[in-house]
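K.L.:
just a sequence and a predicted model for now, questions to come.
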Amino acid sequence: MRFQTPLVPARLVRRYKRFLADAVLEETGEEVVAHCPNPGAMLGLREPGLRIWLERNDDPKRKLRYGWRLAELEDGHWAGIDTSVPNRVVREALEARVVAPLAGYGTVKPEVRYGTKSRVDFLLTEPGLPDAYVEVKNVHLRRDGDLAEFPDSVTARGARHLAELSNMAAEGHRAVMLYLVQRTDCARLQMAADLDPAYAAAFDLARSTGVEMLCFGTDIDVHGVRFGGQMPVV
């Protein structure tokens, strides 16, 4: 997935009201308000002075001229901020059949109703194979070494998705929770049980009922975010 327009560097002043961020453009020194497309806690990615990258838009219908896309980390690493990106990246990968555990499926349908008033991110179908229900989660929390963690705040919605997938597995379908790590400094994933014990318990239960837990990394630079290699879920 490539960004639509070239990104511009800035320094973060503050992130507030969940979806807003003040930043100073490096090239001009102008302070701007940018849309922060991330409702999570963003632990470690909201510190004042952090070098960030913004995407400019000239759509007169939009109130804000900039959207926050990336955070530049130490040692040349990157983190993606936009929580809508993983679904786009995973869709491209599924359609290109480069997600190895799911490469046998030729039809990819997004946002299909299932369960109780829910929509699965992707329904995969292929003659001769059980339907595969795939949910995608964005991961960008890192607190220790190369370990990515999910979630970064309480997510009752995420626990509900695990329960819905468990029901699909019980009906004989493939049920897959796919975590996409939008950081380039991580190599494995675990659940952040201290931040959301209920989600961690739901994860263990879903795994025991047959839900497949997959994790993949990403390759990130100022041009875009690309599907990366598989990571272990520990």
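P.N.:
Right, received. Where do you want to start? Because the structure is predicted, anything quoted here is derived from the model rather than measured. Numbering: from 1, shown residues only.

K.L.:
where do the helices sit along the chain?
P.N.:
85-95, 156-170, 197-208 (DSSP state H).

K.L.:
how about the shortest one: buried residues?
P.N.:
What that stands for is helix 85-95. 85-87, 89-91, 93-94 (16 or more other C-beta atoms under 10 Å). For the C-beta atoms, the positions are set from N, CA and C on the backbone; glycine is no exception.

K.L.:
again, but for stretch 62-73
P.N.:
64, 66-71, 73.

K.L.:
neighbours around residue 50, how many?
P.N.:
Applying other C-beta atoms under 10 Å, we find 18 residues neighbouring residue 50.

K.L.:
residues contacting the residue nearest the centre of the chain?
P.N.:
With distances taken as C-alpha atoms, centre = their mean, residue 138 lies nearest the centre of the chain, 1.9 Å away. Residue 138 makes contacts with 80, 83, 85-86, 180, 182, as judged by C-beta atoms under 8 Å, 6 or more residues apart in numbering.

K.L.:
residue 144: which of these is nearest?
P.N.:
residue 182 (17.6 Å; C-beta to C-beta).

K.L.:
now the nearest residue to that closest one once chain neighbours are set aside: how far from residue 158?
P.N.:
Leaving aside its sequence neighbours, residue 182 sits nearest to residue 80 (C-beta to C-beta, 6 or more residues apart in numbering; 3.4 Å). Separation of residue 80 from residue 158 (C-beta to C-beta, to the nearest Å) stands at 18 Å.

K.L.:
same drill for those two, tell me which one is more crowded.
P.N.:
When neighbours are counted by other C-beta under 10 Å, residue 80 and residue 158 differ, and residue 80 comes out ahead with 26 against 18.

K.L.:
who does residue 79 form a beta bridge with?
P.N.:
residue 71, residue 183 (DSSP bridges).

K.L.:
residues contacting it?
P.N.:
By C-beta under 8 Å, 6+ apart, the neighbours of residue 79 are 45, 70-71, 73, 140, 182-184, 220.

K.L.:
and residue 31, what does it touch?
P.N.:
Taking C-beta under 8 Å, 6+ apart as the test, what residue 31 contacts is 13, 22-25.

K.L.:
give me that answer again for 7 Å
P.N.:
13, 22, 24 (C-beta atoms under 7 Å, 6 or more residues apart in numbering).

K.L.:
of these, buried ones?
P.N.:
So, by 16+ other C-beta under 10 Å, the buried ones in the contacts of residue 31 are 13, 22.

K.L.:
could you dump the contacts of residue 31 to JSON lines with pLDDT?
P.N.:
Compiled in JSON lines, the contacts of residue 31 are given as follows (pLDDT from 0 to 100):
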{"residue": "13", "pLDDT": "98"}
{"residue": "22", "pLDDT": "98"}
{"residue": "24", "pLDDT": "98"}
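
K.L.:
now the contacts of residue 138 in a markdown table, with pLDDT?
P.N.:
Shown next, in a markdown table, are the contacts of residue 138 (pLDDT from 0 to 100):
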| residue | pLDDT |
| --- | --- |
| 80 | 98 |
| 83 | 96 |
| 85 | 97 |
| 86 | 98 |
| 180 | 98 |
| 182 | 98 |
